[in-house]
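Novice: build the 3D model from these lines:
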Amino acid sequence: MRTNVADACGHCAAAVVVLSEIGAGLTGFGSLFLVLGILLFFDRAMLALGNLLFLSGITLLIGAKKTVVFFSRRQKWRGTACFLGGIAVVLIGQQQKQ
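Specialist: Numbers count the residues shown, from 1 in each chain. Below is the predicted model:
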């Protein structure tokens, strides 16, 4: 019975490692798309994709609760407001363009 519990914990640890690797990849691609969106004269599609990939990558990398805590810190309210405002501007711009 103990081996089954150990195997189950081993599988959980492997799943956490895989999710962390995926999160790091998504965060990297999100950063890349954000930079490309800025270099390509603020291309809305690139910025929107970069924002979504970055947020989902951070969430997978550090967890949902820590992500909310990170973005809701009192010391970081200006950065959070700018980031979320940028997402809103890009998404609203996408809707008006269509």
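Novice: contacts and neighbour counts: CA atoms only from here.
Specialist: OK.
Novice: dump the residue contacts of Gly50.
Specialist: Residues in contact with Gly50 (Cα atoms under 8 Å, 6 or more residues apart in numbering) are 29-34, 37.
Novice: distance from the chain centre to the longest helix along the chain, please.
Specialist: Once the chain is assigned using DSSP state H, the helix that runs over the most residues is helix 2-39. When C-alpha coordinates are averaged (Cα atoms, centre = their mean, to the nearest Å), helix 2-39 and its chain have centres 11 Å apart.
Novice: now do the buried residues in it.
Specialist: 19-20, 22-34, 36-37 (16 or more other Cα atoms under 10 Å).
Novice: what helices or strands is that helix leaning on?
Specialist: In terms of contacts (3 or more Cα pairs under 8 Å, 6 or more residues apart in numbering; DSSP states H and E), helix 2-39 is packed against helix 44-62.
Novice: for the helix or strand following the helix it packs on, what is the average pLDDT?
Specialist: Using DSSP states H and E, the helix or strand that follows helix 44-62 towards the C-terminus is helix 64-71. Mean pLDDT, helix 64-71: 90.
Novice: before we move on, what about stretch 35-44?
Specialist: 88.
Novice: now the terminal residues of that stretch, how far apart.
Specialist: Terminal residues of stretch 35-44 lie 12 Å apart, using Cα to Cα, to the nearest Å.
Novice: not counting it itself, show me its contacts.
Specialist: If you take Cα under 8 Å, 6+ apart as the criterion, stretch 35-44 is touched by 45-47, 50, 90, 93-94.
Novice: Leu55 touches Gly28, doesn't it?
Specialist: No - using Cα atoms under 8 Å, Leu55 makes no contact with Gly28, being 10.8 Å away.
Novice: could I get the contacting residues of Ser72?
Specialist: Counting by Cα under 8 Å, 6+ apart, Ser72 touches Thr80.
Novice: wait, isn't Leu19 in contact with Ile62?
Specialist: No - counting by Cα under 8 Å, Leu19 sits too far from Ile62 to count as a contact (9.7 Å).
Novice: could you list the low-confidence segments of the chain?
Specialist: Scanning the chain with the threshold set as pLDDT under 70 gives 1-11, 94-98.
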